[in-house]
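Enquirer: Below are the sequence and a predicted model; questions follow.
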Amino acid sequence: MSRVGKYPVEIPSGVDISIVEGLLTAKGKNGEQKVQITDLVTVSMADNKVSVEPVNQSKKARQHWGMVRAMINNAVQGASEGFVKRLEVNGVGYRAQVQGSTLKLQLGFSHDVNFPIPSDLKIAIEGDRGNIIAISGADKQRVGQIASEIRGYRPPEPYKGKGLRYTDETILRKEGKKK
């Protein structure tokens with residue numbers, strides 16, 4: 001069983017934490033993140049550290065212990081530094097470009113895919129060939145969700161590796177058909 005919950009969350013300088021009626025709020029340079037705290041855990045703050053303790057030793061309370069601690073850590077990290085997911089565009093003629101508040105993808109379809117950029121996230125094109133899409137924001141879940149939706153338009157295929165893949169993802173390549 002994971003023991004993530006027993007480690008306190010360190011608060012970096014520039015982040016303000018407030019705990020009011022089951023809601024933890026982290027304010028930093030990237031905005032404000034809120035975490036709903038369940039009744040199965042108690043959250044306390046001392047010496048620039050937030051610690052989480054289960055109310056009792058039931059299985060449900062121990063599950064929420066680690067989950068709430070991880071959510072608090074993500075909120076603090078999001079408020080101070082933010083999160084970035086990178087997608088790599090692979091394929092002949094496959095391109096991505098940002099036009100205003102729209103991400104325009106050319107992925108081998110007969111039409112371009114226009115993805116509206118959410119207001120709470122930033123999407124930029126990186127890399128020397130302009131083939132890396134960087135999605136950044138303060139909310140880890142939101143950044144991952146949008147990256148997954150964009151990847152869903154053309155997931156990488158196993159024969160040539162064409163499509164959109166995460167930069168840290170490895171694709172198991174298959175051998176083609178033999179004569």
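Expert: Nice, thanks for sending it over.

Enquirer: Residue 17 - that's part of a strand, no?
Expert: Yes - applying DSSP: H, G, I helix; E, B strand; the rest coil, one finds residue 17 inside a strand.

Enquirer: Tell me what it is bridged to.
Expert: residue 26 (DSSP bridges).

Enquirer: Look up how far residue 39 lies from it.
Expert: As for residue 17, its distance to residue 39 is 20 Å (criterion: Cβ to Cβ, to the nearest Å). Any C-beta I mention is one placed from the backbone N, CA and C, and that applies to glycine too.

Enquirer: okay, these two: which has more neighbours?
Expert: residue 17 (20 against 9; other Cβ atoms under 10 Å).

Enquirer: distance of that one from residue 47?
Expert: Taking Cβ to Cβ as the measure, residue 17 falls 12 Å from residue 47.

Enquirer: swap in residue 28?
Expert: Distance from residue 28 to residue 47, by Cβ to Cβ: 19 Å.

Enquirer: Comparing these two, which shows the higher neighbour count?
Expert: residue 28 (23 against 8).

Enquirer: show me the contacts for the nearest residue to that one once chain neighbours are set aside.
Expert: Nearest non-adjacent residue to residue 28, counting by Cβ to Cβ, 6 or more residues apart in numbering: residue 79, 3.2 Å away. Applying Cβ atoms under 8 Å, 6 or more residues apart in numbering, we find residue 79 in contact with 15, 26-33, 138.

Enquirer: Fine by me, thanks again.
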